[in-house]
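In: model this:
(chains A and B)
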Amino acid sequence: MVHSGKKRKTPSQATQLSSALLLDDETPIGPDLNLEGPQVNGSKSPSEAETQSDSDESSVYSELEDEEDEEDEEDSDEEEEENEDDGDDHEASESDSAAQEIAEEGRARSKKAPSTAQEPEAVEALEAQPVQDEYEYDSSDEEDIRNTIGNIPVNWYDDYDHIGYNLDGVAIRKPKRGDELDHFLRQMEDGNAGITVRDPLTGQDVVLSQSQVEKIKRLAASKVPEPGYDMYADAIPWFSSQVMETPLRDLPEGKKSFLPSLTEKRRVGRMVHALKMGWMKTKAEREQEKREDPTKRYYMLWQSDDQPEDVKRITDLIPAPKMKLPGHAESYNPPPEYLFTEREKKTWQDLDEEPFKRKLPFIPAKYESLRQVPAYRNFINERFERCLDLYLAPRARKNRLTIQPEDLVPQLPKPQDLQPFPTVCALTYKGHKNMIRTLSIEATGQFLASGSDDGTVKIWEVQTGYCLQTFTMPGVIKSVMWCPNKALSLLAVACENMVVLISAGVGDKVVVDQTEELLKEAPDNTGYIPPERVKNAVAWSLPEKSDKLPKSALIVLKFFKNVKQVIWHGKGDYFATLVQDGLNRSVIISQLSKWRSQIPFSKAKGLVQCVLFHPIRPYLFVATQRHIRIYNLAKQELSKKLQTGAKWISSMAIHPKGDNLLVGTYDKKVQWFDLDLSSKPYQVLRYHATAVRQVAYHKRYPLFASGADDTSIIVSHGMVYNDLLQNPTIVPVKLLRGHSKYDDFGVMEVLWHPTQPWLLSGGADGFIKLWT
Amino acid sequence: MPQQNKGTRETRSESWKEERRRRKTSHPILTFGTGHRRSCFRPPIPSDSIHTSRASTMTAMTEDKSAQIQVKFIASDESLAVPSTTFTVPLALDASGLEQLLKRLLAESHDSIDEAPPTWSDQSFEFVLRGDFLRTSLAGFVQSHEGVTPESVLEIHYFARNPPPAPDQDVNHDDWVSGVSALDGHVLTACYDNTIALFYDGHKLLTIPGHDGPARDVVWISLDEDQGVFASSSHDQTVMLYQWNARTRAIDVMNVCRGHERSVDCLAVDRSRTLLASGSFDTHLKIWSAKLQSPDENGGSHEALTNGSGGESEKKKARTSHKTLSRTPLVTLGGHKEGISGVAWTEDNEVCTSSWDHTLKIWDFEMRGMKTELVGNKSFFGLSYSPLNRTILTCSADRAIRLYDPRSKDGVLVKNQFTSHDGWVTCVDWCQEREDLFISGGHDTVVKMWDRRSCVTPLYDMKGHEDRILCCDWSEKDMVVSGGADNTMKIYKSNV
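Out: Predicted coordinates:
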């Protein structure tokens, strides 16, 4: 019921409004007003005007009624039910609505009207109805049931001769109206014509009462319609905090009012919990906090002005520079020294081509008053530029990477921790008179064979450097290699176009004798006819006197061209020879026990530089100038091709475990291939200044070495791990220098001792050095 | 002992070079010259710088306080003891100055007791400070040693200096001399031209072309007035036992010991002179009987060797040597992974071997097995055992000589490290008479005589070889024999 107090005003306001509208539209009210003025004077036909006014009227009324309805609907249904017997409410709602009252009165009039009505038909129609108790329908809530068309525009019935239907469903006839002349005469005759209105629902003319006219007049004058209403009366606080002696309402208090609210209880519970948990703070606490924390008490109002702005997409933003503030020169009335002289003006104008050279972008000018200053022509341009600058060129601080080159180098162990490796020259084997091209060490490491350009093969005792044997050959020795078969003391020597197998004559006597006995005669090769291609390429024979070979030569293989390299397979039965310029016949594999040779390749893939047997598996490595091809000898197919990227390969060496290959090139590089990893080098070592002649792996220690033309030998630590995931560690540990240069050649051969961490090197100066 | 292996390699080598320079000037060097023999000399020191009486020492102290230090003399030999009083001596004093001081002290202390002419009067002394010989002045010592302040009392150990060895003989060979052995003035050499030669007093008595390959080692087994017995080893994988008739100067190859599969590089005879140990590159140690078997005892199975009639030419003997008795080893001991480079008898039934596989092994002959193993970090090239101090000297593929104590139970196997050579050390040999002395020869062509109390400075450098030294021997106390790649065998006379 609290609402009703507030709502009381709304209908009255609505009434004011609607009555205002009514006045505007129809202006029929007021004795001095000529209500029908327009109809008389206007060009419209009176019927038209009538209908017009009718429709207007109806709309006003319907509006009023709507308001009323809405108000009623807002009250709860229960109260509606109560309405019957609750007079208080009814009265209140009824008395509030001035417009309703008017309507009521209007209706009452119209009900009474039959008595006063001039038109007998209308009276008849009303008289036809039985006179009823006025209280039967004396309810503001009920709609006017004289016409039951409901809330529809009345003009829909314009074309009909009835105006609606009464409660019994009988059409209500439109009251007969006279023509314009009748109307005029009536007006002339009737004194009430000025205050007569037509009820659109019934079509009856209703004469307004004096009080109604008074109300309308007051409304038109924007006054409170009720004449006795005191607008400024004291408000009576009906619903105040003070308990009245007698209750305003005689209702007993509801049960609700005694029970504590459950929702409130829950809400309070939630708040208590939040307070406990510290999510919520009491006002006192908040004040306390504010007092204690000055940042919460005071803050910079324009803080963001000089602080760097947070821009999400730009980290570490530099705020754009502020625009320069105008100085004296920009003033509309600058001091005279700021004004340009003629000369200055001319130079300013001369710099039209290069405006950036001007000291000022404008010519200072003097005006009498600010009002005379013209608009700045470049204003839009400059603003636009500035905005573009701010928007498109945000200034972010760029983090330049400051990486020291040293930091990029991987952490390698110190060379001192990687001992043992050779560091000093312990021995020099002197005896050769020309450059030493090739070295080979016996499996136990006691003897060393060396081949030189002076045509001799020498066998040395490694420990002392004593030359035990010297074999004089008929030409330059290109390659020497001990047979790895432990049952033989055999040396394969490549000299000119021959490969001579020489009994070394050192080591176990029994083995030496055995070797000589075994290889004294050719094996029984009856029934074997060598292919023509092989036959033309190589011929096996026992040494003849004309060959000028040393006495201990056992077998001679004569090739069609000069032999560059001879290399034994690990088991010591097969050996591969590399024939210089042999094209597709450059690689020939021979079998010692059967005196047979074969040419594995039918096509020449390039200029073969060196060949190598895999230490464990049946693979043959063939290095041409740029590539290394790995052939599977068992399957007779190409297994892999390594891309060295080098221009000219000089030598290669294979790790004793067989998974890593070392390649030396004439373009100063040493390349380490991980055969499991890729066909590209795992690491390229560019530590030599000149062409690398030879590379070598140690059999036991994680060491490898490379010798170059500038007489330097570099020893490196190259640890290969059993763990496949771990890459080999390569650390250069020592640079050895000791050989002297001869004819632009330095170190021709490097070789590791099989058991000790000792390095042997053969130089172009004819010396062999042992580094320990 | 200041160990050299601290710091980086570069600084080490630098300090080593410096050390060498200092040493070159500071210790006596003996050379074989043409008739010119240089012995050790000390620059004379003005006598007024030495103050014998304590009073005068005190006055000297007042003269220059900063140049003085307190010293205490401690004798290694009881007979040369002096009162253990602390003296203050000038820092400028060097070894000869100290010597003069000591002699006067000795004269004072022994004056009343000894009537006989004192043995020390013409003796020179060595002074050892903190394990090193005093080769510079005391000031130099204080400077080079940390922790020595002029305030501290220096303990100076002193003992009679060995007289310097004098170059004695120089014998040329046809090829490298790889093994030497001396006994009673008789020197045997093994030569790379497959021969064994016997010398006495510089004269060649015999050349024995017995081997088919270069001879590697030779060792005397016994020698008396009538006959000498010796053994030689060679690249031809044999050890030969010879009997030499001293009167008729006839030589017999008595036995050929076969069994090795590679060159036999080292030989050693036990103290009872009945067992011969040989080490070979085939990694085996073999022990043979050193007793000569006469052909008669052996029955008819083997043809008798020629009985050494002097009329037969040596060549013929060599030719008939294949008829000599073959001998099989008593024991073969295998366990080394690489060739054996040195062998020595340590006890009656114990042999110690050094090998290229970085180990020293001590074998028990009776148990037929290995007893102890000492692991080094370089290949060993030789060893020598001294029965006097029961330690083993080894030389290996570096510049250092290492002293091992096989009985030592604590972790440190290397008791001492002697580094003065400039190149591989190929041979070491203890003095058989004096427990502190040994010699070593190396690729730097110098034979060095050492006192084991001094790690850095050797006693004497014996120069003369022109190429690498391959072998040395000091089994005779007055003969330091060495052979080398310059085809010579040289003998220094040492008066120990």
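In: for stretch A:660-668, what is the distance to the chain centroid?
Out: Between the mean C-alpha location of stretch A:660-668 and the chain-wide mean there is a distance of 45 Å, by C-alpha atoms, centre = their mean, to the nearest Å.
In: residue 213: neighbouring residues, count only.
Out: As the question left the chain open, I've gone with chain A. The local packing count at residue A:213 equals 16, with neighbours defined by other C-beta atoms under 10 Å in any protein chain shown. Bear in mind the C-beta positions are built from the backbone N, C-alpha and C, glycine included.
In: my question was about chain B, not that one.
Out: The number of residues packed around residue B:213, counting by other C-beta under 10 Å, is 19.
In: now do it, the pLDDT please.
Out: Model confidence at residue B:213, given as pLDDT, is 88.
In: setting aside sequence neighbours, what's the nearest residue to it?
Out: Of all residues beyond its chain neighbours, the one nearest residue B:213 is residue B:235 (3.1 Å), with distances taken as C-beta to C-beta, 6 or more residues apart in numbering or on different chains.
In: backbone phi and psi for the one you found, please?
Out: Reported as degrees, to the nearest 10, the phi and psi values for residue B:235 are phi -70, psi -20.
In: same deal with residue B:221?
Out: When read as degrees, to the nearest 10, the backbone of residue B:221 gives phi -100, psi -50.
In: contact partners for it?
Out: By C-beta atoms under 8 Å, 6 or more residues apart in numbering or on different chains, residue B:221 lies in contact with B:229, B:230, B:231, B:241, B:269, B:273, B:276, B:290.
In: residues contacting the first one?
Out: To tie it back to what came earlier, the one meant is residue B:229. Counted by C-beta under 8 Å, 6+ apart, residue B:229 has contacts B:220, B:221, B:222, B:223, B:241, B:242, B:243, B:244, B:254, B:290, B:292.
In: so where's the stretch 601-750 of chain A shaky on pLDDT?
Out: Under the criterion pLDDT under 70, no range of the stretch 601-750 of chain A is flagged.
In: in it, what residue comes closest to chain B?
Out: Residue of the stretch 601-750 of chain A nearest chain B, by C-beta to the nearest C-beta: residue A:734 (9.3 Å).
In: what packs against whatever helix or strand that residue lives in?
Out: Per DSSP states H and E, residue A:734 falls inside strand A:729-737. Of the remaining helices and strands, those touching strand A:729-737 by 3 or more C-beta pairs under 8 Å, 6 or more residues apart in numbering or on different chains; DSSP states H and E are strand A:683-685, strand A:712-719.
In: change it to 10 Å
Out: If contacts are counted by 3 or more C-beta pairs under 10 Å, 6 or more residues apart in numbering or on different chains; DSSP states H and E, strand A:729-737 sits against strand A:670-674, strand A:683-685, strand A:703-708, strand A:712-719, strand A:747-752, strand A:759-763, strand A:768-771.
In: mean neighbour count for those strands - can I get that in TSV?
Out: Formatted as TSV, those follow (neighbours: other C-beta atoms under 10 Å in any protein chain shown):
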stretch	mean neighbour count
strand A:670-674	24
strand A:683-685	17
strand A:703-708	27
strand A:712-719	22
strand A:747-752	26
strand A:759-763	27
strand A:768-771	24
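In: want to throw these into CSV with distance to chain B?
Out: Converted to CSV, the helices and strands packed on strand A:729-737 look like this (distance: least, C-beta to the nearest C-beta, whole Å):
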stretch, distance to chain B
strand A:670-674, 23
strand A:683-685, 22
strand A:703-708, 15
strand A:712-719, 13
strand A:747-752, 14
strand A:759-763, 12
strand A:768-771, 10
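In: which SS class is the closest residue to chain B within the stretch 251-400 of chain A?
Out: Scanning the stretch 251-400 of chain A for the residue nearest chain B gives residue A:400, at 36.8 Å (criterion: C-beta to the nearest C-beta). For residue A:400, the reduced secondary structure class is coil; criterion used: DSSP: H, G, I helix; E, B strand; the rest coil.
In: buried sites along stretch A:545-553?
Out: Buried residues in stretch A:545-553, defined by neighbour count with 16 or more other C-beta atoms under 10 Å in any protein chain shown: A:547, A:549, A:550, A:552, A:553.
In: residues from chain A in reach of chain B?
Out: When proximity is defined as C-beta under 10 Å from any C-beta of the partner chain, chain A approaches chain B at A:414-416, A:419-420, A:423-428, A:444-447, A:461, A:463-468, A:505-511, A:734, A:753-758, A:770, A:772.
In: and the buried ones among these, selectable in PyMOL?
Out: Buried residues within these, as defined by 16+ other C-beta under 10 Å, are selected in PyMOL through the command that follows:
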select buried, chain A and resi 415+420+423+424+425+426+427+444+445+446+447+461+463+464+465+466+467+468+505+506+507+508+509+511+734+753+754+755+756+757+758+770+772
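In: on that earlier part again, from the contacts of residue B:221, which land in strands?
Out: With strands identified by DSSP state E, the entries of the contacts of residue B:221 that belong to them are B:229, B:230, B:231, B:241, B:269, B:276.
In: got CSV for the residues you listed, with pLDDT and distance to residue A:634 too?
Out: Supplementary listing: the ones in strands among the contacts of residue B:221 in CSV, determined by pLDDT from 0 to 100; distance: C-beta to C-beta, whole Å:
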residue, pLDDT, distance to residue A:634
B:229, 90, 60
B:230, 91, 58
B:231, 91, 53
B:241, 90, 54
B:269, 92, 56
B:276, 91, 52
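In: which one of these is nearest to residue B:415?
Out: Within the ones in strands among the contacts of residue B:221, proximity to residue B:415 (C-beta to C-beta) peaks at residue B:269, which comes in at 26.1 Å.
In: which residues does that closest one contact?
Out: Residues touching residue B:269, when contacts are defined by C-beta atoms under 10 Å, 6 or more residues apart in numbering or on different chains, comprise B:181, B:219-222, B:229-231, B:275-277, B:290, B:344-345.
In: which of those residues sit farthest apart?
Out: Considering C-beta to C-beta, no two members of the contacts of residue B:269 lie farther apart than B:229 and B:344, which are separated by 19.2 Å.
In: what about residue A:532, how many residues nearby?
Out: 8.
In: repeat for residue A:217
Out: 17.
In: turn the buried residues of stretch A:545-553 into JSON lines, including secondary structure, distance to residue A:678 and pLDDT.
Out: Putting those into JSON lines (DSSP: H, G, I helix; E, B strand; the rest coil; distance: C-beta to C-beta, whole Å; pLDDT from 0 to 100) gives the following:
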{"residue": "A:547", "secondary structure": "helix", "distance to residue A:678": "47", "pLDDT": "78"}
{"residue": "A:549", "secondary structure": "coil", "distance to residue A:678": "46", "pLDDT": "84"}
{"residue": "A:550", "secondary structure": "coil", "distance to residue A:678": "47", "pLDDT": "85"}
{"residue": "A:552", "secondary structure": "coil", "distance to residue A:678": "46", "pLDDT": "86"}
{"residue": "A:553", "secondary structure": "strand", "distance to residue A:678": "45", "pLDDT": "88"}
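In: list just the nearest of those to chain B.
Out: Each of the buried residues of stretch A:545-553 was checked against chain B using C-beta to the nearest C-beta; the closest is residue A:552, at 14.7 Å.
In: correct me, but the closest one touches residue A:473?
Out: No. Counting by C-beta atoms under 10 Å, no contact exists between residue A:552 and residue A:473, whose distance comes to 11.6 Å.
In: contacting residues around the residue of the stretch 601-750 of chain A closest to chain B?
Out: Under the contact definition (C-beta under 10 Å, 6+ apart), the residues listed for residue A:734 are A:415, A:418-419, A:421-424, A:703, A:705, A:713-717, A:759, A:771, B:9.
In: torsion angles phi and psi at residue 209?
Out: Because you didn't say which chain, this covers chain A. In terms of degrees, to the nearest 10, the main-chain angles of residue A:209 are phi -80, psi 170.
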